[in-house]
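Visitor: build the 3D model from these lines:
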Amino acid sequence: MSGLFFSCNHQINKIVLSPLFTDGMVLQRNTKVNIWGESPRNTEINIISEWGQRLKLKSDSTGNWSGEILTPKAGGPFYLKIISKNQKIKIKDIMIGEVWIASGQSNMEMTMNGFPPKELILNSENEMLNANYPNIRMFDVEKSMKSKPSNTLSGSWIKTSPKEVESFSATAYFFAQEVHKYLDIPIGIIHSSWGGTPAEAWTSGIKLKELGFFVNTLENMEKSDPEEVAIQWFNKFKSIDIPQASYSEGVLKDYYKNLQFSDGKLSEFELNDQSWQTVFLPGRFDTLKLDQFDGVIWLRKEIFLDDISSDYNLNIEYIDDMDKTYFNGNLIGDFSGYGYHRKKRNYNVPKSILKKGENVIAIRAVDIIGEGEFGKEMNLTNNNGKIISIEGLWKYKPVAEIYENKFYTYETKLSLAERPFLNKLSPFLPKVLFNGMINPLIPYTIKGVIWYQGEGNVGRHNQYSSLFPGMIEDWRNKWNNEFPFYFVQIAPFRYAEDPLKNVSQELREAQRKTLELPNTGMVVTLDIGDFDNIHPANKKDVGKRLARLALVNDYDFDLAPLGPILNGSKTFKNTIKLSFTHVGSGLKYFKDQVNQFEIAGSDMNFFKANVSVEENNIFVFSSFVKDPMHVRYAWSDTPIATLFSGDGFPASSFKIEIK
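Guide: Residues are numbered from 1 along each chain as shown. Modelled structure (predicted):
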């Protein structure tokens with residue numbers, strides 16, 4: 001049980017527990033639950049529960065101790081006492097019920113408050129207003145990247161209320177709400193996710209090497225610990241906490257707008273920027289010293305104006321992510337907060353601040369994560385039809401860098417040459433999120449896992465077909481528990497404008513085939529996606545569908561399962577017969593929609609198929625395909641769901657070869 005022990009490089013003088021074992025916690029019912037901690041070496045520990053269980057144990061020579069305690073049927077609140085000769089800890093308000101881990105990338109991370117200003121949860125205001133479920137509790141694992149397996153984490157158990165639910169994972173909350181509705185017992189969710197991240201970041205290094213993936217990257221990470229180099233550098237500077245994406249739009253906007261990074265000085269017209277380095281814009285501004293730079297960079301450019309008889313407009317296609325833009329030391333516009341990384345900048349430059357001859361544009365750009373860049377269009381225009389390009393070389397100076405969710409502020413006199421090459425940890429690197437955000441949870445006793453991820457691996461479907469089931473096996477092996485693992489198939493989204501470049505259907509197919517693993521289940525979202533938004537608003541149906549998998553498979557409720565699952569195929573001359581299970585009251589095919597069925601012969605030239613439905617079978621054929629060998633359904637980035645069970649649940653996209 002790899003997460004059981006703390007790394008004990010120091011001698012402690014008191015009992016120390018994981019934040020998982022704190023007031024308000026939820027323990028798995030009717031089982032033996034793991035409990036562990038640290039104490040002085042060879043200390044006798046007594047654990048006493050209000051529900052009548054007692055446990056005596058002793059810490060080892062390094063101070064680690066662990067044990068199991070039997071839990072009753074659902075109920076609470078209870079207390080748990082952990083007592084040594086010199087100390088007594090009392091954990092209060094403990095509920096006994098069902099505990100699930102919720103993990104993945106941004107669609108799992110997306111809170112009830114959404115990603116303002118544009119990406120909001122469907123009917124969120126009403127849902128939050130009525131979120132009075134004190135027995136649904138969520139533990140948010142604070143984001144953490146580690147090059148080596150860690151046993152420490154930050155977070156706390158929070159009861160559901162209209163105020164607190166704003167920061168809850170929406171998918172996980174709706175899952176918990178639905179399970180609670182049927183079971184009427186406490187539900188605990190341990191939420192550990194990070195937007196944009198790939199599956200390899202959530203898989204242990206040992207498993208990745210076993211699979212043969214990212215071996216060179218892993219070896220390089222082991223040769224030189226990037227954390228040590230980065231910590232030595234950043235510890236020299238003052239830091240400012242970065243606000244969470246779950247904060248309201250207004251709070252985020254005010255926070256970033258009011259941040260000061262020598263704004264007054266570095267925006268001045270008279271500033272001497274001759275020692276600054278240069279970067280060509282439009283393009284990336286975050287690739288400094290051969291490694292990606294996330295943080296705050298000032299950019300300046302001199303512009304010559306001979307016509308100052310009217311106002312100008314400053315036009316930039318976009319600035320990824322945020323900006324405060326000055327003209328001759330005057331603030332002319334800003335986009336502060338999240339969600340503006342593709343927003344066009346069109347700022348008025350009043351003629352009252354113009355100078356005949358040299359003028360200075362100064363931009364404070366903030367890149368939070370991923371690529372930091374300026375879009376292609378960059379110019380000044382005026383009412384007289386004058387267009388002045390502002391493309392070309394800009395002076396730049398980094399003034400704050402992001403590391404571990406903090407801005408580290410550089411002195412304005414700091415030369416970039418002083419900064420070492422930082423092979424910084426990134427949430428996109430293999431193993432780092434398993435080490436920092438999953439390993440510390442092991443072996444907390446859970447019922448199962450819900451997972452919403454895959455967008456970060458689009459384009460690498462062949463690898464994902466082994467990586468994703470390998471990750472599931474990895475987690476189960478670490479917990480020594482074949483727990484249920486239910487996941488969400490990625491929704492339709494316009495990843496590419498050109499249909500010939502569509503690839504996300506291949507990733508969905510890799511997810512579908514993962515159902516071959518025992519004790520797994522998949523939620524299909526073909527009917528509730530958004531072609532233009534990778535974060536669909538309807539998270540309630542996603543959560544409810546995940547809950548239905550649990551209710552049917554783990555809690556013995558007699559409910560119709562989710563959508564049709566392809567379980568057989570045969571060829572009759574020029575016709576292919578497809579058989580399905582989980583059809584409910586019978587297959588429903590909406591033939592008035594765009595036809596999503598295609599067939600092909602051995603040449604793999606696909607043609608739209610004629611489709612008929614008989615009982616639980618689909619028959620497809622085409623006059624253009626004499627000897628059909630391949631059939632596919634909903635095979636694009638942006639398919640329309642046309643095949644459903646009688647209970648209204650969609651079938652997955654699929655591609656099969658008839659042998």
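Visitor: helices of the stretch 251-400 of the chain, residue ranges please.
Guide: 263-266 (DSSP state H, counting those that start in this stretch).
Visitor: so where's it uncertain?
Guide: 288-292 (pLDDT under 70).
Visitor: could you list every residue that touches the residue nearest to Gly114 when sequence neighbours are not counted?
Guide: Once flanking residues are discounted, Gly114 sits nearest to Leu120: 3.8 Å by C-beta to C-beta, 6 or more residues apart in numbering. For glycine as for every other residue, the C-beta is placed from the backbone atoms N, C-alpha and C. Neighbour list for Leu120: 113-114, 537 [criterion: C-beta atoms under 8 Å, 6 or more residues apart in numbering].
Visitor: for stretch 135-144, which positions count as buried?
Guide: 135-141, 143-144 (16 or more other C-beta atoms under 10 Å).
Visitor: now stretch 51-66
Guide: 51, 53, 57, 59, 63-66.
Visitor: farthest-apart pair in these, please.
Guide: Trp51 and Gly63 (27.9 Å; C-beta to C-beta).
Visitor: residue nearest the middle of this protein, spatially speaking?
Guide: Gln105 (2.0 Å; C-alpha atoms, centre = their mean).
Visitor: how about Glu473, phi and psi?
Guide: phi -60, psi -40 (degrees, to the nearest 10).
Visitor: right, and it touches Leu517 too?
Guide: Yes - if you go by C-beta atoms under 8 Å, Glu473 and Leu517 touch, sitting 7.5 Å apart.
Visitor: that older thread, quick one: the residue nearest to the centre of the chain from Ile121, how far?
Guide: Counting by C-beta to C-beta, to the nearest Å, the gap from Gln105 to Ile121 is 17 Å.
Visitor: what about the closest residue to Gln489 other than its chain neighbours, which SS state?
Guide: Closest residue in space to Gln489, ignoring its immediate chain neighbours: Gln511 at 4.9 Å, by C-beta to C-beta, 6+ apart. Here Gln511 is recorded as helix under DSSP: H, G, I helix; E, B strand; the rest coil.
Visitor: show me what contacts Gln511?
Guide: 454, 464, 468, 487, 489-490, 522.
Visitor: now do Ile101
Guide: 189-192, 441, 446, 448-450.
Visitor: could I get the pLDDT score of the residue nearest to the centre of the chain?
Guide: We have a pLDDT of 97 for Gln105.
Visitor: do I have it right that it meets Gly456?
Guide: Yes - using C-beta under 8 Å, Gln105 is in contact with Gly456, at 5.4 Å.
Visitor: what sits in contact with each of the two?
Guide: Counting by C-beta under 8 Å, 6+ apart, the residues touching both Gln105 and Gly456 are 196-198.
Visitor: in JSON lines: those residues, plus pLDDT, secondary structure and neighbour count.
Guide: Listed next are these as JSON lines, based on pLDDT from 0 to 100; DSSP: H, G, I helix; E, B strand; the rest coil; neighbours: other C-beta atoms under 10 Å:
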{"residue": "Gly196", "pLDDT": "91", "secondary structure": "coil", "neighbour count": "16"}
{"residue": "Thr197", "pLDDT": "94", "secondary structure": "coil", "neighbour count": "27"}
{"residue": "Pro198", "pLDDT": "96", "secondary structure": "coil", "neighbour count": "23"}
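Visitor: ok, so of the residues you listed, who is nearest Leu587?
Guide: Closest to Leu587, out of all of these and judged by C-beta to C-beta, is Pro198, at 35.1 Å.
Visitor: for the closest one, which non-adjacent residue is closest in space?
Guide: Gly456 is the one closest to Pro198 (C-beta to C-beta, 6+ apart), at 4.0 Å.
Visitor: the one you found belongs to a helix?
Guide: Yes - according to three-state DSSP, Gly456 belongs to a helix.
Visitor: end to end, how far does stretch 622-633 reach?
Guide: Using C-alpha to C-alpha, to the nearest Å, one end of stretch 622-633 lies 14 Å from the other.
Visitor: buried set for that stretch?
Guide: So, applying 16+ other C-beta under 10 Å, buried residues of stretch 622-633: 622, 625, 628-633.
Visitor: which among these gets closest to Tyr396?
Guide: Arg632 (48.6 Å).
Visitor: ok, that closest one to Ser569 distance?
Guide: On the measure of C-beta to C-beta, Arg632 and Ser569 end up 12 Å apart.
Visitor: now for these two: what residues contact both?
Guide: Ile656.
Visitor: quick one, what contacts the residue nearest to the centre of the chain?
Guide: So Gln105 contacts 193-198, 452-456 (C-beta under 8 Å, 6+ apart).
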